[in-house]
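Asker: Structure for this input, please:
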Amino acid sequence: AGTAVIVAGQHPGFLGGPLHTVFKALSAVAAARHYRIATGRPCVPVFWVAADDHDFDEVRDALFPAPGGGEVAFRFPGEADRRPLEDYAVDGAALEILEAASRHFEGRRFSEKTRGLIELYRSRGFAGGFAAMIADLLGHTGLLVLNPVAIRPMAGRIFRGAIEEPRKILGLVEAGRAEVEARGMKPLVAERQPIFLVRDGK
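Answerer: Numbering: from 1, shown residues only. I've put the predicted structure just below:
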């Protein structure tokens, strides 16, 4: 009772996604620690894995520095067909890409740790591998990594409210956008219902 939560999040990215993903997770940890010290209340940092997102082309590429300069890219194979990211399996060609990524890091500092992180994708799927990687890197900090797929059945009341009272939800979205604009920033959240409808797996 009385526990606060600091939430950051990101849609799953291949091989951990861009570096700012880790920075966002660490920011939640730091903010939770600061909150505990400042208020004396317990506070849990949470990293929300947006596994329901469907923009596969936005997250399928992983870029790393190449030996001698430049960069090397690893692309998760498959058709971008608007499936939720949680539904992309790691098999066949994807396993070959994982192996190529592991070879890229051989002989480098932390190559064994890197191979272990890459192996977390095996048998977990695209979103599950990402979540496991974040948990392995930062679980020791007390960060709770949350895949919404696991709690979706508990969110029925929230979905029902959003559907039955759309003006209320849109009003809250607009209020949040106005607060961001008042601080001189551009809102990243669109003026629309924050609900995905999945039909025929897409």
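Asker: can we go C-alpha only for contacts and neighbour counts from here?
Answerer: Will do.
Asker: So what's the residue count around the closest residue to residue 90 other than its chain neighbours?
Answerer: In space, and not counting its chain neighbours, residue 90 is closest to residue 125: 4.9 Å by Cα to Cα, 6 or more residues apart in numbering. Neighbour count of residue 125, defined by other Cα atoms under 10 Å: 19.
Asker: And for residue 147?
Answerer: Using other Cα under 10 Å, residue 147 has 19 neighbouring residues.
Asker: What of residue 26?
Answerer: 18.
Asker: Check the one 5 residues further on too.
Answerer: Per other Cα under 10 Å, the neighbour tally for residue 31 reads 17.
Asker: which stretches of the protein form helices?
Answerer: Under the criterion DSSP state H, the chain carries helices at the ranges 19-39, 56-59, 93-104, 111-119, 125-138, 148-151, 156-164, 166-182.
Asker: Check those helices for me and report the most buried one.
Answerer: Most buried of those by mean neighbour count (mean count of other Cα atoms under 10 Å) is helix 125-138; its value is a mean of 21.
Asker: can you give me the angle it makes with helix 93-104?
Answerer: 30 degrees (axes from the mean of the first three to the mean of the last three Cα atoms, to 10 degrees).
Asker: which residues sit against helix 125-138?
Answerer: 12-16, 22, 26, 49, 51, 85-90, 117-118, 120-122, 143-147 (Cα atoms under 8 Å, 6 or more residues apart in numbering).
Asker: 7 Å instead?
Answerer: Contact partners of helix 125-138, identified using Cα atoms under 7 Å, 6 or more residues apart in numbering, comprise 12-16, 49, 51, 85-86, 88-90, 117, 120-121, 145.
Asker: Just the buried residues out of these, in PyMOL syntax.
Answerer: Buried residues among the contacts of helix 125-138 (16 or more other Cα atoms under 10 Å), as a PyMOL selection:
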select buried, resi 12+13+14+15+16+49+51+85+86+88+89+90+117+120+121+145
